[in-house]
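Asks: Show me how the following folds:
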Amino acid sequence: MAGYQRVSAAEIQDTLTIDAVDLNNEFDAIVAAFVNTSGHKHDGTAANGPVIGLLGDANLATPLNKINVNTTSNELEFSIKVSNAATQQFKVSDGLIIPSVDNDIDLGTAAKQFKDAYFNGTVTLDGLTIGTATSITDIDTNLNTVSANDDTLASAKAIKTYVDAQVDTSDTLAEVLAVGNNTSGTDIQTTTDDKIIFRQAAVNINSSTAGTLNLNANTEVQITTPYIDLTAASVALGGNLNVTGSVEVDSLKGTGSVAITDIADEDNMSSNSATKLATQQSIKSYVDTAVATVPTGDITSVVAGTGMTGGGTTGAVTLNAIGGTGITVNANDITIDNSVATLTGSQVLSAKTLTSPVLNGTLSGSAFLDEDNFSSDSATAVASQQSIKAYITANASSVTPNSTTTFLNKTIDANGTGNSITNLEVADLASGVLDTNLASVSASDNTLASAKAIKAYVDGQAHSDVTASSTTTFTNKTIDVDATGNSLTNIANANIKSGAALDATKIADGSVTSTEFQFINSLSSNAQTQINTKQATINSSARLNANLVGDGSVDNTELGYINGVTSAVQTQINTINSEVANKASAGFAVAMAIAL
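Replies: Numbering: from 1, shown residues only. Coordinates of the predicted model:
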């Protein structure tokens, strides 16, 4: 297919002589573009027009029956005229066909029906009508309570569960009639269509299919013998089983694994059996007794206390215990390991602090020593009272206020309460303790210097010549101006190096930054004078002249032309020029066509 493309654009222009053949070629191209089999196809490509985003009623500017492509939401929207308005019926999006209104769109009619339908997924229905039958509205999963109308189906599981509950576990017939047989032996044999009829045709016994025995009655089938012994693997009943009297079974079992063996009537439920049912009376008695001691009243909130989580105010509430180091919370109990200390257990404590402990009984262990001579000399063990007394008694000092005693390896605390050391002379110092020559001293702080040695050493050192009136050049020195008593005065401009880069915030009150201070560098004259020469106020009464804007080539009148412009002036001019050229060319072409 081909769209419209100019074929004589170079020949049909302003100021040129237009020949008929040029117009003819142009009109032929237009006709070719609208040929129904090979014309332009609106696929968005060059010369084929844009892609059509709306299909609707022919010859209507606003179609009411339409298909709209919603590019924003990536959907196809189908609308039909309803009450003289376009009403959306449904839309198609990725993987979905969605009706616009719930429960409004039909798929086919009674007269015009679809053929086959194939679904690979779930079909959700409010009702299912097969042929002329009653509409099926649901699937019964419990046949103990069913709809009063034939509008539901039973699931296979529900049927099996219900039937299994209605019959016994044995279905073997042990007694066979022994008379009336038309063959040899004691059997009664019937053909395929034969029935054994009792009183009326609807009450009969027959075999509808091979392997099936049917007991039919239009009211009910009654069995009045003392009991029925069924030995088959299972018995299936198609209706209810009504028993007048007792039903005795060895065990009663449903679809689960538990088989009921008896019914117990125990008010205290003492047997605690997992295979016996309880009577209504015994259940009521046991529950009444159990709840009699339960406090009454409504529980409005369950709050988890310390060491627990969970809680709630409605519904089923769960409380969970929190474990910890050495503590494990299980489903039925809480266990602790040997890392947790108990009152009766034996544990070894490590790195523990006992605050105000009371110790009764006998102390033992490696941390408790009973040595009269303190031979272990331990800094971590505790001594017994007896060993302390024995050691002190054995080592009691013979020092008295008037005695002369030589101490060995003793330390006297001169700062201790009541202690003092007096009359200490140089001769009392041990050899090597007093340094009298500081030119060579001990490498450790274990000697004292005499006053004479200190003075001689200081006097022998080189001293600075700095005085109050001296002129001195310092090298690699730092002067703390903020230190008590220090100050720097008489600093001249020559004393500040060009690289010092004094920050502007250190000038005057510090409110001018270095960046703001640099603005002065570009001033050509007094800043205030320049400001004073400018227009002081610009408002509706004192407007700024247009020739003061830009290069001053636009005056106030020319600037006023902009008033009322709603978009870019150049863009509007370019658009008008293009439209004028196109319309002039088209008008000329039409005029020539009329003339021809």
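Asks: Can you name the residues bridging to residue 308?
Replies: residue 321 (DSSP bridges).
Asks: Show the contacting residues for it.
Replies: Contacts of residue 308 were listed using Cβ atoms under 8 Å, 6 or more residues apart in numbering, and they are 319, 320, 321, 322. In short, each C-beta sits where N, CA and C put it, glycine included.
Asks: Tell me the one among the residues you listed nearest to residue 311.
Replies: Nearest to residue 311 among the contacts of residue 308, counting by Cβ to Cβ, is residue 319 at 6.4 Å.
Asks: burial count for the closest one?
Replies: Other residues within reach of residue 319, judged by other Cβ atoms under 10 Å, total 13.
Asks: Now for it: which residues touch it?
Replies: Residues in contact with residue 319 (Cβ under 8 Å, 6+ apart) are 302, 304, 308, 309, 310, 311.
Asks: all helices of this protein, in order?
Replies: Per DSSP state H, the chain carries helices over the ranges 20-33, 156-166, 280-291, 385-394, 451-459, 514-518, 527-532, 556-560, 569-595.
Asks: gap between residue 369 and residue 378?
Replies: The gap separating residue 369 from residue 378 is 7 Å, by Cβ to Cβ, to the nearest Å.
Asks: How about residue 470?
Replies: Plainly put, residue 470 is 66 Å away from residue 378 if you go by Cβ to Cβ.
Asks: quick revisit: for residue 94, state which of the contacts of residue 308 is nearest.
Replies: residue 320 (44.7 Å).
Asks: Was I right to think that closest one contacts residue 310?
Replies: Yes - between residue 320 and residue 310 a contact is recorded at 4.9 Å, counting by Cβ atoms under 8 Å.
Asks: Spit out the residues that contact those two alike.
Replies: Shared contacts of residue 320 and residue 310 (Cβ under 8 Å, 6+ apart): residue 304.
Asks: one step back: between residue 470 and residue 378, point out the one with more neighbours.
Replies: More crowded of residue 470 and residue 378, by other Cβ under 10 Å: residue 378, with 13 against 8.
Asks: Verify the stated contact: that one with residue 371.
Replies: No - Residue 378 is beyond contact range of residue 371, at 9.1 Å (criterion: Cβ under 8 Å).
Asks: which residue is nearest the centroid of this structure?
Replies: The centre of the chain sits closest to residue 310, judged by Cα atoms, centre = their mean, with a distance of 20.4 Å.
Asks: Pull the number of nearby residues for the nearest residue to residue 207 once chain neighbours are set aside.
Replies: Using Cβ to Cβ, 6 or more residues apart in numbering and skipping residues adjacent in sequence, the residue nearest residue 207 is residue 213, 5.7 Å away. Residues lying near residue 213 (other Cβ under 10 Å) number 9.
Asks: which stretches of the stretch 101-250 of the chain aren't confidently modelled?
Replies: The model of the stretch 101-250 of the chain has pLDDT under 70 over residues 166-189, 225-239.
Asks: quick one: the strands in it?
Replies: Counting by DSSP state E, counting those that start in this stretch, the stretch 101-250 of the chain has these strands, from start to end: 138-140, 152-154, 195-198, 200-206, 214-216.
Asks: pLDDT (mean, whole number) over stretch 427-438?
Replies: Stretch 427-438 carries an average pLDDT of 78.
Asks: Could you work out the end-to-end span of it for me?
Replies: Distance between the two ends of stretch 427-438: 19 Å, counting by Cα to Cα, to the nearest Å.
Asks: buried ones in that stretch?
Replies: Buried positions in stretch 427-438, judged by neighbour count with 16 or more other Cβ atoms under 10 Å: 435, 438.
Asks: quick one: it to chain centroid distance?
Replies: 80 Å (Cα atoms, centre = their mean, to the nearest Å).
Asks: Repeat that for stretch 368-387.
Replies: Distance of stretch 368-387 from its chain centroid, counting by Cα atoms, centre = their mean, is 64 Å.
Asks: Roughly how far does residue 448 sit from residue 38?
Replies: 123 Å.
Asks: One more: residue 343?
Replies: Counting by Cβ to Cβ, the gap from residue 343 to residue 38 is 104 Å.
Asks: got it, and residue 484?
Replies: Distance, residue 484 to residue 38, by Cβ to Cβ: 106 Å.
Asks: Look at those two and report which has more neighbours.
Replies: Taking neighbours as other Cβ under 10 Å, residue 484 and residue 38 compare with residue 38 leading, 11 against 5.
Asks: pretty sure that one contacts residue 48?
Replies: No - counting by Cβ under 8 Å, residue 38 stays clear of residue 48, with 11.7 Å between them.
Asks: Distance-wise, check residue 498 relative to residue 508.
Replies: 21 Å.
Asks: more neighbours, these two?
Replies: residue 508 (8 against 5).
Asks: Tell me, what's the model's pLDDT at residue 80?
Replies: In this model, residue 80 is scored at 90, pLDDT.
Asks: Quick check: bridge partners of it?
Replies: In this structure, residue 80 bridges to residue 87 when assessed by DSSP bridges.
Asks: Return the set of buried residues in stretch 271-289.
Replies: Neighbour-count burial for stretch 271-289, with 16+ other Cβ under 10 Å as criterion, is recorded at 278, 282, 285, 286.
Asks: Report the two of those residues separated the most.
Replies: So for the buried residues of stretch 271-289, where distance means Cβ to Cβ, the most widely separated pair is 278 and 285, at 9.8 Å.
Asks: domain ranges for the chain?
Replies: Domain ranges of the chain: 20-99, 107-166, 363-395, per automatic domain parsing.
Asks: Same list (those) but as CSV, adding distance to residue 555.
Replies: Output for those, formatted as CSV (distance: least, Cβ to Cβ, whole Å):
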stretch, distance to residue 555
domain 20-99, 47
domain 107-166, 75
domain 363-395, 103
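Asks: Quick one: closest of those domains to residue 240.
Replies: domain 107-166 (6.8 Å).
Asks: What's the local residue count around residue 439?
Replies: Using other Cβ under 10 Å, residue 439 is surrounded by 9 other residues.
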